[in-house]
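Following is a predicted model, sequence given first.
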Amino acid sequence: MSENTQPVVDFYFDPTCPFAWITSRWILEVEKVRDIQVKFHQMSLYMLNEGRDLPEDYRRSTDRGLIPGRGTQHVGAEHPERLAEWYTALGTRIHNEGQKDYEAALTGAAEDLGLDPAPILAATQTDAEDERLREKQRAAEELVGNDVGTPVVSFNGTAFFGPVLTRIPRGEEAGRIFDGAVALAEYPYFYEIKRARTTDPQFD
């Protein structure tokens, strides 16, 4: 029997980031129309921005993001095989449903997956696992540097920040965008494409 040579796309996310959420839904669409396997990994905007001088509103946002970050770290450690479905359950509540009470979102996501929410919520109240979360963030930074955010996507071993999207491509359109991203990733001297955003994230 031949070994499985299905290409792996590694996807690094912070559960509170709306752009990571949209890009994650795109890559799952790609998985339906291209022969790839998506593997999800956690990163942390809180850990990325530790010690940085940030605007007050953004600092409050990243500080609050540590709650779902710690909860996700706990689920990933205890149930690593369920990280992708956990992200889907939690992200749907945070982004699609606009649930900003993160404790309630964590509880609902746990119940969706048949998990006990108590230890997940308990994990949000302690820094005991923060070093593991920092390690996850460092792993993402080792791929792309620390002057970018989330998501980070690795195509065939070449990683980039992004792509940053404000809509979720579906079906073959998702596949064509993926083909273009892979083509860029295959050129060893390509680094970035960027333009000012003129639309806001939309999750439908």
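Sure, I can see it. Residues are numbered from 1 along each chain as shown.

Name the next helix or strand following the lowest-mean-pLDDT helix or strand in the chain along the chain.
Using mean pLDDT, DSSP states H and E, the weakest-scoring helix or strand in the chain turns out to be helix 56-64, at a mean of 86. Sequence-wise, the next helix or strand downstream of helix 56-64 (DSSP states H and E) is helix 66-78.

What is that next one packed up against?
strand 37-42, helix 45-48, helix 83-91, helix 102-112, helix 117-123, helix 130-144 (3 or more C-beta pairs under 8 Å, 6 or more residues apart in numbering; DSSP states H and E). Bear in mind the C-beta positions are built from the backbone N, C-alpha and C, glycine included.

one step back: tilt between the least confident helix or strand of the chain and helix 66-78?
Helix 56-64 and helix 66-78 are oriented at 30 degrees to each other (axes from the mean of the first three to the mean of the last three C-alpha atoms, to 10 degrees).

Give me the helices and strands touching helix 56-64, please.
Packed next to helix 56-64, using 3+ C-beta pairs under 8 Å, 6+ apart, are helix 45-48.

Report the distance from the helix it packs on to the chain centre.
Distance, stretch centre to chain centre, for helix 45-48: 13 Å (C-alpha atoms, centre = their mean, to the nearest Å).

Please apply the same query to stretch 189-201.
That offset, for stretch 189-201, works out to 18 Å (C-alpha atoms, centre = their mean).

Just the buried positions in that stretch, please.
With burial defined by 16 or more other C-beta atoms under 10 Å, the residues of stretch 189-201 counted as buried are Pro201.

before we move on, what about stretch 15-28?
Those would be 15-17, 19-28, for stretch 15-28 by 16+ other C-beta under 10 Å.

same thing with stretch 172-183?
Buried, per 16+ other C-beta under 10 Å, within stretch 172-183: Ala174, Gly175, Ile177, Phe178, Ala181, Val182.

Turn those residues into JSON lines, columns for distance to Val9, secondary structure and pLDDT.
Shown next, in JSON lines, are those (distance: C-beta to C-beta, whole Å; DSSP: H, G, I helix; E, B strand; the rest coil; pLDDT from 0 to 100):
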{"residue": "Ala174", "distance to Val9": "12", "secondary structure": "helix", "pLDDT": "97"}
{"residue": "Gly175", "distance to Val9": "13", "secondary structure": "helix", "pLDDT": "97"}
{"residue": "Ile177", "distance to Val9": "13", "secondary structure": "helix", "pLDDT": "96"}
{"residue": "Phe178", "distance to Val9": "8", "secondary structure": "helix", "pLDDT": "95"}
{"residue": "Ala181", "distance to Val9": "10", "secondary structure": "helix", "pLDDT": "93"}
{"residue": "Val182", "distance to Val9": "9", "secondary structure": "helix", "pLDDT": "91"}
